[in-house]
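Peer 1: fold the following.
(chains A and B)
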2 protein chains.
Amino acid sequence: MSKLRVNCFSLSLDGFGAGPHQGLDNPLGVGGMGLHTWFVPTRTFRKMFGQESGTTGVDDDFAARGFENVGAWILGRNMFGPVRGGWPDESWKGWWGENPPYHSDVFVLTHHARKPITMEGGTVFHFVTDGIRSALDKAKASAKGRDVRLGGGVNTVRQYLEAGLVDEMHLAVSPVLLGAGEHLLRGLDLPALGYEMAEYTGTPGAAHYVLTKKPR
Amino acid sequence: MSKLRVNCFSLSLDGFGAGPHQGLDNPLGVGGMGLHTWFVPTRTFRKMFGQESGTTGVDDDFAARGFENVGAWILGRNMFGPVRGGWPDESWKGWWGENPPYHSDVFVLTHHARKPITMEGGTVFHFVTDGIRSALDKAKASAKGRDVRLGGGVNTVRQYLEAGLVDEMHLAVSPVLLGAGEHLLRGLDLPALGYEMAEYTGTPGAAHYVLTKKPR
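Peer 2: Numbering: from 1, shown residues only, chains lettered A, B, ... in the order given. Take a look at the predicted model:
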């Protein structure tokens, strides 16, 4: 069964998945980079950007698991870029340069239609304007039996959680405080939505939790 | 300098310090016992209740630190017992039997006056009706230069945090989901209140974080 998965989703101890004031200068919000210090030094992360070496161990194992058996991605509009409202032109093509680290179809949720963008390395950005279930259907079709990874951001993950559509979610709680920003779990009753704690490992970099949805 | 400290305060991954429906049958709320599985097997916890043996290591080190240099305690009314509103009589003397694990003056916050209760082992429960600052002043006077430990519960810790009066706070995030109950940090901007991350250690039992308040 193809799953919808969230992986390597970093939170502050106070529950924020991004800091306040996101924008071109602060894609992750103010202080948001501090959420990812467990991830950035790993071999998996460095390899995504063509770099050699990097750390191995549990943090890297979680990073690597995030890319295993992934056939398509879904991203929220705000994760794709800082542009809000209608697209002023076709110039914005994501944060990741000409060869983004997805190497598959990527379905971007937006209220504003736009033609697909074919990037290097097999990544194609598709813009989906008819909702989260439609994006999931399209992504599953594209993934051909492999899993679909939901990249974020916070608001998008919340929408899929509330709809009970996320099958597995790996959260990494980093030892930082943000105080404000986008809170992932506020107001969500995860056990009532069918989620349970499947796995926990503390590393020096972060506390890793894997939640799974009970079979319907 | 005598500090006001929170130690061994357990939270679920979703941020709850107690489950819903607290009462005589569920002092920690439904599911709340699951928050403390890192703590209960430790040598320190077992010794509190006169038992031999128990685990040693990082979890026990955190448990033991919680009792070092503590000269007095502060507890919220709901942590002292399940009685709400006025005291119907003098019969309720806490959850802990004749010899509670405090062995010092304990200042219980309440809106309902009551005479002090002297227990075995040096614990004396005092009932403070004129607010959190008054309780802190009384506890500091009693502690004679040692620290004051704020035992909880969630609402009481939140009040002291909001007032910026907690100097140090050790939180232990347990690998459980509660979904509902009393949320410790909701709506609190800890960095704005002067708190910063001082320490983090992940153990197989919990993820331990120590927050400290920057000097005023």
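Peer 1: right, and A:Thr203 touches A:Val58 too?
Peer 2: Yes - A:Thr203 lies in contact with A:Val58 (Cβ atoms under 8 Å); the separation is 4.7 Å. From N, CA and C alone the C-beta is placed, and that goes for glycine too.
Peer 1: how about the residue in chain A positioned nearest to chain B, what does it touch?
Peer 2: The minimum distance from chain A to chain B, using Cβ to the nearest Cβ, falls at A:Gly202 (1.8 Å). Taking Cβ atoms under 8 Å, 6 or more residues apart in numbering or on different chains as the criterion, A:Gly202 is in contact with A:208, B:201-204, B:206-207.
Peer 1: take these and write them to a markdown table, including distance to A:Asn69 and secondary structure.
Peer 2: As requested, these are arranged in a markdown table below (distance: Cβ to Cβ, whole Å; DSSP: H, G, I helix; E, B strand; the rest coil):
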| residue | distance to A:Asn69 | secondary structure |
| --- | --- | --- |
| A:His208 | 19 | strand |
| B:Thr201 | 32 | strand |
| B:Gly202 | 27 | strand |
| B:Thr203 | 30 | coil |
| B:Pro204 | 27 | coil |
| B:Ala206 | 31 | coil |
| B:Ala207 | 28 | strand |
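Peer 1: how about those residues, which pair is most distant?
Peer 2: A:His208 and B:Thr201 (14.2 Å; Cβ to Cβ).
Peer 1: tell me which of those two has more neighbours.
Peer 2: Set side by side, A:His208 and B:Thr201 show more neighbours around A:His208, with 23 against 18, by other Cβ atoms under 10 Å in any protein chain shown.
Peer 1: helix, strand, or coil at the residue nearest the centre of chain A?
Peer 2: In chain A, the C-alpha nearest the mean C-alpha coordinate belongs to A:Gly151, at 1.9 Å (Cα atoms, centre = their mean). Counting by DSSP: H, G, I helix; E, B strand; the rest coil, the backbone at A:Gly151 sits in strand.
Peer 1: next one: the longest helix seen in chain A to chain centre, how far?
Peer 2: Ranked by residue count and defined by DSSP state H, the top helix of chain A is helix A:132-143. In terms of Cα atoms, centre = their mean, to the nearest Å, the centre of helix A:132-143 is set 15 Å apart from its chain centre.
Peer 1: before we move on, what about stretch A:29-41?
Peer 2: Computed by Cα atoms, centre = their mean, the chain-centroid distance of stretch A:29-41 equals 14 Å.
Peer 1: poorly predicted segments of chain A, please.
Peer 2: A:216 (pLDDT under 70).
Peer 1: could you redo the last one with a cut-off of 80?
Peer 2: Applying pLDDT under 80 to chain A picks out residues A:215-216.
Peer 1: close to chain B: what parts of chain A are there?
Peer 2: By Cβ under 8 Å from any Cβ of the partner chain, the residues of chain A that approach chain B are A:13-15, A:171, A:173, A:175-180, A:185-186, A:188-192, A:195-197, A:200-204, A:206-207, A:209, A:211.
Peer 1: excluding sequence neighbours, find me the nearest residue to A:Ala113.
Peer 2: A:Thr129 (5.2 Å; Cβ to Cβ, 6 or more residues apart in numbering or on different chains).
Peer 1: so where do the strands sit in chain A?
Peer 2: A:4-12, A:16-18, A:70-76, A:105-109, A:117-118, A:124-128, A:147-152, A:168-174, A:182-183, A:195-202, A:207-213 (DSSP state E).
Peer 1: contact partners for the closest residue to A:Gly121 other than its chain neighbours?
Peer 2: Residue nearest to A:Gly121 in three dimensions, not counting chain neighbours: A:Asn99, with 4.3 Å by Cβ to Cβ, 6+ apart. Neighbouring residues of A:Asn99 by Cβ under 8 Å, 6+ apart: A:119-121, A:123.
Peer 1: if you rank the residues you listed by neighbours, which is first?
Peer 2: Most crowded among the contacts of A:Asn99, counting by other Cβ under 10 Å, is A:Thr123 at 21 neighbours.
Peer 1: distance check, that residue against A:Pro100.
Peer 2: Relative to A:Pro100, A:Thr123 is positioned 5 Å away (Cβ to Cβ, to the nearest Å).
Peer 1: same check on A:Leu177?
Peer 2: With distances taken as Cβ to Cβ, A:Leu177 is found 31 Å from A:Pro100.
Peer 1: phi, psi of A:Asp167?
Peer 2: In terms of degrees, to the nearest 10, the main-chain angles of A:Asp167 are phi -90, psi -30.
Peer 1: which one is it nearest to, not counting chain neighbours?
Peer 2: Nearest one to A:Asp167, counting by Cβ to Cβ, 6+ apart, is A:Lys3 at 3.9 Å.
Peer 1: the one you found - how many residues pack around it?
Peer 2: 17.
Peer 1: A:Ala18 now?
Peer 2: Neighbours around A:Ala18, by other Cβ under 10 Å: 28.
Peer 1: what pairs with it across the strands?
Peer 2: Beta-bridge pairing for A:Ala18 (DSSP bridges): A:Glu182.
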